[in-house]
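Visitor: All I have is the shape, not the residue letters:
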């Protein structure tokens with residue numbers, strides 16, 4: 001099948017391959033990089049509604065955007081409808097395309113606050129959150145969920161229908177339960193059921209390891225788009241059908257070099273050196289002699305040394 005554009009409210013998504021929200025990774029430079037490689041829509045890291053409402057500097061830094069990365073969805077998390085609504089009103093003034101509500105994160109520190117996947121156990125609270133967010137923004141509101149809390153409580157189809165009736169403009173579903181974490185077996189049949197129950201777009205997520213995997217998921221479930229998360233780390237070319245092969249070392253180094261350029265432009269690179277090295281090392285995963293290059297990456301004493309190393313490696317493979 002040929003992937004087709006679709007719309008979320010008034011927002012047109014040209015390529016149905018979408019960058020998922022990933023805490024600690026989907027910052028502005030990485031989102032821009034994925035857009036350059038073809039991602040049709042990108043999601044921010046999850047943003048605390050309290051951080052926005054209480055005007056915390058770190059949170060304000062996380063919502064920075066530029067026109068080149070649009071359309072961007074900013075993902076909110078929280079469990080208090082009123083605070084979520086106030087946060088949505090703040091975001092409404094920002095130059096981004098839509099607001100997403102995190103109802104799928106399985107991390108325990110999020111669950112303990114009644115947010116993320118925990119909201120799938122409290123659909124009435126989830127509904128009030130959606131309604132409050134929708135009431136406080138003119139932007140489309142989407143949600144990201146899982147199939148259910150555990151395998152005895154698969155409630156995604158009913159939950160997604162509730163979300164549509166509450167005003168959600170699209171639903172993304174990770175085909176695992178909360179109890180599965182990131183390692184359980186995906187169940188794409190639930191995505192099919194969600195798609196059959198809704199009139200708004202449905203985005204499938206979970207174990208998409210290649211562009212072809214995404215095409216197969218859309219064909220199998222009828223979902224409108226596919227959301228790619230961890231597989232995109234160190235591999236932004238996954239959004240492009242023209243690079244649907246095992247990328248060469250040169251292509252990997254070129255992507256890494258561009259990523260470092262964007263980091264240098266938008267982030268305090270030396271202050272985030274550990275995080276950047278973590279990102280950089282992923283580009284050489286599975287490559288012959290990649291482990292020796294990763295050692296050199298982690299030995300870099302500052303960001304400039306890291307850039308010089310990558311440029312020298314790239315020169316060797318031109």
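Guide: Noted; the coordinates are in hand. Note that the structure is a prediction, hence the values are computed from the model and not measured. Numbering: from 1, shown residues only.
Visitor: which element is residue 298 on?
Guide: In the assignment (DSSP states H and E), residue 298 maps to helix 290-299.
Visitor: Find the residue ranges of the stretch 101-250 of the chain scoring beneath the pLDDT cut-off.
Guide: Per-residue confidence of the stretch 101-250 of the chain (counting by pLDDT under 70) places the weak regions at 243-245.
Visitor: how about the helices of this structure, start to end?
Guide: Read by DSSP state H, the chain holds these helices, from start to end of the chain: 28-36, 49-53, 57-62, 81-91, 108-111, 123-135, 156-166, 188-197, 211-221, 249-266, 273-282, 290-299, 303-316.
Visitor: got a list of what residue 218 touches?
Guide: Residue 218 sits next to 1, 3, 16, 204, 224-226 when contact means C-beta atoms under 8 Å, 6 or more residues apart in numbering. Any C-beta I mention is one placed from the backbone N, CA and C, and that applies to glycine too.
Visitor: number of nearby residues for residue 302?
Guide: Using other C-beta atoms under 10 Å, residue 302 is surrounded by 11 other residues.
Visitor: I figured it hits residue 274, correct?
Guide: No. Using C-beta atoms under 8 Å, residue 302 makes no contact with residue 274, being 11.8 Å away.
Visitor: tell me, what's touching those two both at once?
Guide: Joint contacts of residue 302 and residue 274 (C-beta under 8 Å, 6+ apart) do not exist.
Visitor: Could I get the buried residue list for stretch 281-289?
Guide: Across stretch 281-289, burial judged by 16 or more other C-beta atoms under 10 Å covers 281-284, 287.
Visitor: if we can go back for a sec, in TSV: the contacts of residue 218, plus neighbour count and distance to residue 215.
Guide: Shown next, in TSV, are these (neighbours: other C-beta atoms under 10 Å; distance: C-beta to C-beta, whole Å):
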residue	neighbour count	distance to residue 215
1	7	6
3	18	7
16	24	10
204	29	11
224	24	13
225	26	11
226	26	8
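Visitor: which residues touch stretch 92-102?
Guide: Outside stretch 92-102, the residues that touch it by C-beta under 8 Å, 6+ apart are 8-9, 11, 21, 41, 43, 46, 63, 65, 67, 70-77, 84, 88, 91, 110, 115-116, 129-130, 133, 136-144, 169, 172.
Visitor: Could you give me the ChimeraX selection string for whichever of those are buried?
Guide: Typed into ChimeraX, the next command selects the buried ones out of the contacts of stretch 92-102 (criterion: 16+ other C-beta under 10 Å):
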select :8,9,11,21,41,43,46,63,65,71,72,73,74,75,76,77,84,88,91,110,115,116,129,130,133,136,137,139,140,141,142,143,144,169,172
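Visitor: Next step: the contacts of stretch 92-102 restricted to strands.
Guide: Among the contacts of stretch 92-102, the members found in strands (DSSP state E) are 8, 11, 41, 43, 46, 72-77, 141-144, 172.
Visitor: Next, residue 300: phi, psi?
Guide: Torsion angles at residue 300 (phi, psi; degrees, to the nearest 10) stand at phi -60, psi 130.
Visitor: What count of nearby residues applies to it?
Guide: The tally of other residues near residue 300 (other C-beta under 10 Å) stands at 18.
Visitor: cool, the one 3 residues further on as well?
Guide: Counted with other C-beta under 10 Å, residues neighbouring residue 303 total 20.
Visitor: Also residue 241?
Guide: Quick note: residue 241 (other C-beta under 10 Å) scores 16 neighbours.
Visitor: Tell me which residues touch it, please.
Guide: Residue 241 touches 3, 38, 211, counting by C-beta under 8 Å, 6+ apart.
Visitor: And it, how far from residue 38?
Guide: Noted for residue 241: a distance of 8 Å to residue 38, by C-beta to C-beta, to the nearest Å.
Visitor: cool, residue 61 as well?
Guide: 27 Å.
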